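>>> Provide a 3D model corresponding to the input given below.
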Amino acid sequence: MNKYVLYLRVSSEEQGKSGLGLEAQERDINLFLENYSEQPYEVLGKYVDVQSGGDNDRPELLKAIQLAKKTKSTLLIQKICRISRRVSFIASLIEDKDLDFKVASMPFADKFQLHIYAALAEQERDFISSRTKAALRSWKERNPNKKLGAPTYHLTKLNQGKKDKALKEAKKVSGIILPLKREGLTLRSICNELNKNGIKTSRGNDFHPSLVSRMLSVLEVA
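Okay, here's the model as predicted:
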């Protein structure tokens, strides 16, 4: 029976909390297991890091590698960049005779092909970085007295516009949500009352607890 240890990685804490990125990785990994793995198979563990791919000191990755080696399992990842963005680190794993790993999005790739792909990906990132820096230098040379980014006054005006719009929308239903809140109803119950009576948001959608919460906060500040 084929045995696997799954490893997933997202770069930001926000992605980790929301599940963004992780869902796509799990989907591709499951597609590999159902369509490209010998059947039956067994998943011995799943490890998730919330760290940059440039940082190779990742505790969950080390645990996944150790378990894969100990149980003679295959370390399975969605894409090669999930294990690292540095070709030197990937090469060290490829050269490790005690470790076998597969990439779900490249089900037929062997270690040699994965090494080439990692090298090309690193080269492409370096080229993009160099091109971006060159473009910035060129822009600064042509516009020595200008600064990049939006003017502060423009951002302030934009933020104030958003606040005014949010207050305007909240006031439309303030006569309903404020009394219900005073009665001790939960955010979910308040939403149910609004939706049950056919009241819609400015975009024509149903109300949800997070929106009602924001509206109550805006009204309290106002």
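
>>> Show me the shaky parts of this protein.
Along the chain, segments meeting pLDDT under 70 span 12-20, 53-54, 146-158, 221-222.

>>> quick one, domains of the protein?
2-117, 152-221 (automatic domain parsing).

>>> can the ones you listed go into TSV with extra columns for distance to Ala135?
Yep, even glycine has a C-beta here, placed from its N, CA and C like the rest. Formatted as TSV, the domains of the chain follow (distance: least, C-beta to C-beta, whole Å):
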stretch	distance to Ala135
domain 2-117	22
domain 152-221	23
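
>>> Highest mean neighbour count out of those?
Highest mean neighbour count among the domains of the chain (mean count of other C-beta atoms under 10 Å): domain 2-117, with a mean of 16.

>>> coming back round to it: looking at the domains of the chain, which is nearest to Arg137?
The closest of these to Arg137 is domain 2-117. By C-beta to C-beta, the value is 23.5 Å.

>>> Any idea which of the domains of the chain gets closest to Ala134?
Nearest to Ala134, of all these, is domain 2-117, at 21.4 Å by C-beta to C-beta.

>>> Can you check the distance spanned by the closest one, start to finish?
25 Å (C-alpha to C-alpha, to the nearest Å).

>>> Then stretch 51-63?
Stretch 51-63 end-to-end distance (C-alpha to C-alpha) = 15 Å.

>>> mind checking how far it is from the chain centre?
16 Å (C-alpha atoms, centre = their mean, to the nearest Å).

>>> go on, stretch 188-196?
Relative to the chain's own centre, stretch 188-196 is displaced by 31 Å; criterion: C-alpha atoms, centre = their mean.
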